[in-house]
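>>> I would like to see how this sequence folds:
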Amino acid sequence: MPKISIVVPVYKTEKYIHRCVDSILSQTFSDIEVILVDDGSPDDCPEICDELAKKDSRIRVIHKPNGGLSSARNAGMNVAAGEYVGFVDSDDDVAPDMYEKLLNASETYNADFVMADYIRVLPDGKSYSVSKNIRNGLYEKQDMVDEIFPELIMAENVDYGPILSVCQCLYKTDFLRKCSLSFADDVKWSEDNLFSALVGYNAKRFYYLKGEALYRYYQNPGTITTGYRPGAWDVYCLMNRQLREYFSQKTDYDFSRQLSLHILYYACNVIGMECRAADDKKDAVVRVKKILNDVLLTESMKKFRMPKVNFKLKTQIFLIRHRFAEPLVLIMRR
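Residues are numbered from 1 along each chain as shown. Below you'll find the model as predicted:
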């Protein structure tokens, strides 16, 4: 049985998959299995996956109908044989010692999951490392409550909290299965936000390798992070409802403020997206009004306390709260 299972969802990444898999197979820690999940990719990825498996016995391939990133990760998790499980996107790559360092930290401190930093690589080739605004080291349960819970779902500055991307992490497989933690198949985008919130809430021990940028995230043109996403608002509302269903029942910590910030964050995100995609101002106003009048958002904005953010964001929040679509469109399209 391998020590670590590494799940790699594959969809329309034929230009990058060799780079990704080579970086995983070149790890200084070699007791791994690589689970390539072909998520119904319409290009040459299925054949490439099979060819890679023939060259290295540590590679397993799953072919499945297209179901999205969450579905693909779940398919890999379901067959993972390793004591630990990690996730790598097939258009990214990892440092040679990434899993050795994550495993050493987890075993040394008996952590349910471990997180490293990452390097963001821009389309022009420039790159920079990204570190979280939390301290290095071990977090036991009370530390999690005191230092992680206040930004577990969404930070007060209306941005993601410190534990977000699953690709920077290594998880104990037994921990995930005992807590019944998996990805929501019906959440197509930003699924890390939901999964990581549940992981952070359930974990008893967490270790952060601050300053160790071990994962390389490539901002490739044409990916879901750079393009228009039809139906995104419905998906984000679905995610917010799932978070509310889970966290509203918790009595050990009040997450209500974060749940309101969460839907506000995605309202800002989708309003900007819709304004850029609209044919003209009139079309943009129609699109934005649909979001502003959504019951989930309007209920969240009742008695909403303005966060300490910059003037531009405060203005946007004010217009969202009062459902002023036309001036909001003017600002966002500018």
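>>> switch to C-alpha atoms for all contacts and neighbour counts from now on
Will do.
>>> all helices for the chain, in order.
Using DSSP state H, the helices of the chain run over 17-25, 45-55, 69-79, 98-109, 141-143, 173-178, 191-202, 232-247, 256-277, 281-292, 295-300, 311-321, 325-333.
>>> can you list the ones you listed in JSON lines and add mean neighbour count and distance to residue 10?
Formatted as JSON lines, these follow (neighbours: other C-alpha atoms under 10 Å; distance: least, C-alpha to C-alpha, whole Å):
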{"stretch": "helix 17-25", "mean neighbour count": "19", "distance to residue 10": "8"}
{"stretch": "helix 45-55", "mean neighbour count": "16", "distance to residue 10": "7"}
{"stretch": "helix 69-79", "mean neighbour count": "21", "distance to residue 10": "8"}
{"stretch": "helix 98-109", "mean neighbour count": "18", "distance to residue 10": "20"}
{"stretch": "helix 141-143", "mean neighbour count": "14", "distance to residue 10": "35"}
{"stretch": "helix 173-178", "mean neighbour count": "16", "distance to residue 10": "21"}
{"stretch": "helix 191-202", "mean neighbour count": "20", "distance to residue 10": "16"}
{"stretch": "helix 232-247", "mean neighbour count": "17", "distance to residue 10": "22"}
{"stretch": "helix 256-277", "mean neighbour count": "20", "distance to residue 10": "26"}
{"stretch": "helix 281-292", "mean neighbour count": "18", "distance to residue 10": "32"}
{"stretch": "helix 295-300", "mean neighbour count": "16", "distance to residue 10": "34"}
{"stretch": "helix 311-321", "mean neighbour count": "16", "distance to residue 10": "36"}
{"stretch": "helix 325-333", "mean neighbour count": "18", "distance to residue 10": "34"}
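>>> among those, which comes closest to residue 131?
helix 98-109 (15.5 Å; C-alpha to C-alpha).
>>> pLDDT below threshold where in the chain?
221-228 (pLDDT under 70).
>>> tell me how far residue 91 lies from residue 180.
28 Å (C-alpha to C-alpha, to the nearest Å).
>>> neighbour count winner among these two?
residue 91 (25 against 9; other C-alpha atoms under 10 Å).
>>> list the contacts for the closest residue to that one other than its chain neighbours?
Of all residues not flanking residue 91 in the chain, residue 16 sits nearest, at 5.0 Å (C-alpha to C-alpha, 6 or more residues apart in numbering). Contact analysis of residue 16 by C-alpha atoms under 8 Å, 6 or more residues apart in numbering lists 90, 91, 92.
>>> what number of residues lie near the first one?
Around residue 90 sit 23 other residues, with neighbours defined as other C-alpha under 10 Å.
>>> now do the last one
Neighbouring residues of residue 92 were enumerated by other C-alpha under 10 Å; the total is 23.
>>> show me what contacts it?
Contacts of residue 92 by C-alpha under 8 Å, 6+ apart are 16, 19, 20, 215, 216, 217, 218.
>>> surely the last one touches residue 122?
Yes - under the contact definition of C-alpha atoms under 8 Å, residue 218 touches residue 122, with a separation of 6.3 Å.
>>> which one's more surrounded, these two?
A count of neighbours by other C-alpha under 10 Å puts residue 218 above the other of residue 218 and residue 122, at 19 against 14.
>>> look up how far residue 117 lies from that one.
In terms of C-alpha to C-alpha, residue 218 sits 14 Å off from residue 117.
>>> residue 77 against residue 8, yeah?
No - in this structure residue 77 lies outside contact range of residue 8 using C-alpha under 8 Å: 10.2 Å.
>>> state the distance from residue 51 to residue 214.
From residue 51 to residue 214 the distance is 27 Å (C-alpha to C-alpha).
>>> and for residue 242?
Distance, residue 242 to residue 214, by C-alpha to C-alpha: 31 Å.
>>> burial of the closest residue to residue 203 other than its chain neighbours, as a residue count?
Excluding its sequence neighbours, the residue lying closest to residue 203 (C-alpha to C-alpha, 6+ apart) is residue 112, at 5.9 Å. Residues near residue 112, counting by other C-alpha under 10 Å, number 23.
>>> correct me, but residue 112 touches residue 102?
No - assessed by C-alpha under 8 Å, residue 112 is found out of contact with residue 102, at 11.4 Å.
>>> so how far is residue 314 from residue 109?
Residue 109 is 42 Å from residue 314, by C-alpha to C-alpha.
>>> how about residue 2?
From residue 2 over to residue 314 the distance is 50 Å, taken as C-alpha to C-alpha.
>>> show me what contacts the nearest residue to residue 174 once chain neighbours are set aside?
In this structure, residue 174 finds its nearest non-sequential neighbour in residue 83, 7.1 Å apart by C-alpha to C-alpha, 6+ apart. Contacts for residue 83 were tallied using C-alpha under 8 Å, 6+ apart; they are 2, 3, 4, 5, 172, 173, 174.
>>> roughly how far apart are residue 83 and residue 24?
17 Å.
>>> again with residue 213
15 Å.
>>> which residues does residue 217 bridge with?
residue 120 (DSSP bridges).
>>> list the contacts for it?
Neighbour list for residue 217: 91, 92, 93, 118, 119, 120, 121 [criterion: C-alpha under 8 Å, 6+ apart].
>>> and which of these is nearest to residue 189?
Closest to residue 189, out of all of the contacts of residue 217 and judged by C-alpha to C-alpha, is residue 91, at 16.4 Å.
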